[in-house]
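Visitor: sharing a model prediction with you, sequence too.
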Amino acid sequence: MPGTSFFHQARNNAWSNHRLLTVCSRLSDAELNAERTSFFPTVLWTLNHILIVDWFYIDALVAGGRGRDCFADENPFSDIAALSDAQRQSDQTLLKFCENLSDADAARLVALDRGNGKTAHEMAGAVLSHLFVHQTHHRGQVHAMLSGTSQKPPQLDEYHLDCDAEFRGTDFHDLGWDGV
């Protein structure tokens, strides 16, 4: 339900992705693909990684059946606009899942295909927490990589508080949201 912590985290996650991808969309192809010091060597590769890991965990949460097929192509998008659209769709799926999440749902065990015939069973709430930390971790890397480009890294920590509304600009409107 919209009052749950997971819903607010999913909403902040979608907003942060929107804001970061908006800035990244202004990078040249050379800047998106330039090798940099980070866990993944380019901005575009890191953004693709965020997305495919989202696909994997969201698929597990909704029992979608794709499993490790989500990792078939570690760089499914070479075009930032297409990647942004796919990330937004993924974020909307996650928001919808979290919007309807109850305490019982958060305690439900989720099967995660770990490869080599191994399946882990984790609570949905733990999977969500992991997913949000994973996103934050890699968005931070992209944020740092942006410092070496023509684009200023965006502010990503002004979201939840009413007093931060002026800093969000038109982001909520752009995402089709009313208020917080």
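Guide: Yes, it's here.
Visitor: what distance do you get for Asp157 to His143?
Guide: From Asp157 over to His143 the distance is 11 Å, taken as C-beta to C-beta, to the nearest Å. Just so you know, the C-beta spots here come from the backbone N, C-alpha and C atoms, and that holds for glycine as well.
Visitor: same drill for the two, tell me which one is more crowded.
Guide: Ranked by neighbour count (other C-beta atoms under 10 Å), Asp157 and His143 place His143 first, with 16 against 9.
Visitor: mind listing what that one touches?
Guide: The contact partners of His143, taken as C-beta atoms under 8 Å, 6 or more residues apart in numbering, are Leu20, Pro153, Pro154, Leu156.
Visitor: any idea which of those is closest to Gly125?
Guide: Nearest to Gly125 among these is Leu156, at 23.5 Å by C-beta to C-beta.
Visitor: secondary structure class for the closest one?
Guide: Three-state assignment for Leu156 (DSSP: H, G, I helix; E, B strand; the rest coil): coil.
Visitor: I'd say it and Leu20 touch.
Guide: Yes: between Leu156 and Leu20 a contact is recorded at 6.8 Å, counting by C-beta atoms under 8 Å.
Visitor: give the residues shared as contacts by these two.
Guide: Arg139, His143.
Visitor: neighbour count: these two, which is higher?
Guide: Between Leu156 and Leu20, counting by other C-beta under 10 Å, Leu20 is the more crowded of the two (24 against 16).
Visitor: ok, the closest residue in space to the more buried one that isn't next to it in sequence to Arg108 distance?
Guide: Using C-beta to C-beta, 6 or more residues apart in numbering and skipping the chain neighbours, the partner closest in space to Leu20 is Arg139 (5.6 Å). To Arg108, Arg139 is 27 Å away according to C-beta to C-beta.
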